[in-house]
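Undergrad: the amino acid sequence is not available; the structure is as follows:
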């Protein structure tokens, strides 16, 4: 969903949204249309504008299914939180003590290799936008890794039970690794 540079939470319409960028996508929850030129909306048509406004940045169907599956395994987490406060990236699920951040990436927004289809209208704009989102995701993964976090990326098309298995395995491994590290309470 989820998380990202500019703190435009992943996944959905808010992904990669850069407020104040001319021609950018409207931020989730905004009532003001983004203008590109005097009197024109950022969208190529009213239908596109309505569709984009309806996209959610969090609490999407795939995100809720993943959260239910993870919660069903007895794991507790924070929703739509920054793993590293100083880093303007927001993960969909954050396991603070285990230092695991989960991002649920939309197939369109992050260019899923299996399901992504390019936009018909404004193809160059959307191709650049998806590439920007991919680069931001890679940068986020690198920065969180450098800060000692484990990052789990889940595609929106993945079976939520399979994805929850990966999340659970990452959390268990991170907890084991933390228990082996010297530090307060670890010996």
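TA: Structure received. Bear in mind that the values here come from a model prediction, so they are computed numbers and not experimental data.

Undergrad: using the three-state scheme, assign the closest residue to residue 145 other than its chain neighbours.
TA: Spatial nearest neighbour of residue 145, chain neighbours left out: residue 151 (6.7 Å); criterion: CB to CB, 6 or more residues apart in numbering. C-beta here means a position set from N, CA and C on the backbone, and glycine is covered the same way. Judged by DSSP: H, G, I helix; E, B strand; the rest coil, the three-state class of residue 151 is strand.

Undergrad: for this structure, give me the ranges with low pLDDT.
TA: Using pLDDT under 70 as the threshold, the predicted model of the chain has low-confidence ranges 1-43, 48, 50-54, 56, 184-187.

Undergrad: helices of this structure, start to end?
TA: Counting by DSSP state H, the chain forms helices over residues 46-54, 61-72, 107-110, 123-146, 160-180, given from the N-terminal end onward.

Undergrad: pick the most buried one from those helices.
TA: Ranked by mean neighbour count under mean count of other CB atoms under 10 Å, the helices of the chain are led by helix 107-110, which reaches a mean of 23.

Undergrad: so which elements touch that helix?
TA: The contact analysis (3 or more CB pairs under 8 Å, 6 or more residues apart in numbering; DSSP states H and E) places helix 107-110 against helix 123-146.

Undergrad: from the contact counts, what lies against the helix it packs on?
TA: Applying 3+ CB pairs under 8 Å, 6+ apart, we find helix 123-146 packed against strand 100-105, helix 107-110, strand 150-155.

Undergrad: redo the ones you listed as a markdown table? Include distance to residue 89.
TA: What follows is the helices and strands packed on helix 123-146, written out as a markdown table (distance: least, CB to CB, whole Å):
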| stretch | distance to residue 89 |
| --- | --- |
| strand 100-105 | 8 |
| helix 107-110 | 14 |
| strand 150-155 | 10 |
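
Undergrad: ok, what's across the strand from the residue nearest to residue 145?
TA: residue 101 (DSSP bridges).

Undergrad: thought it was touching residue 99?
TA: No: counting by CB atoms under 8 Å, residue 151 stays clear of residue 99, with 10.0 Å between them.

Undergrad: okay, the helices of the chain in a markdown table with distance to residue 80 next?
TA: Output for the helices of the chain, formatted as a markdown table (distance: least, CB to CB, whole Å):
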| stretch | distance to residue 80 |
| --- | --- |
| helix 46-54 | 19 |
| helix 61-72 | 9 |
| helix 107-110 | 16 |
| helix 123-146 | 14 |
| helix 160-180 | 16 |
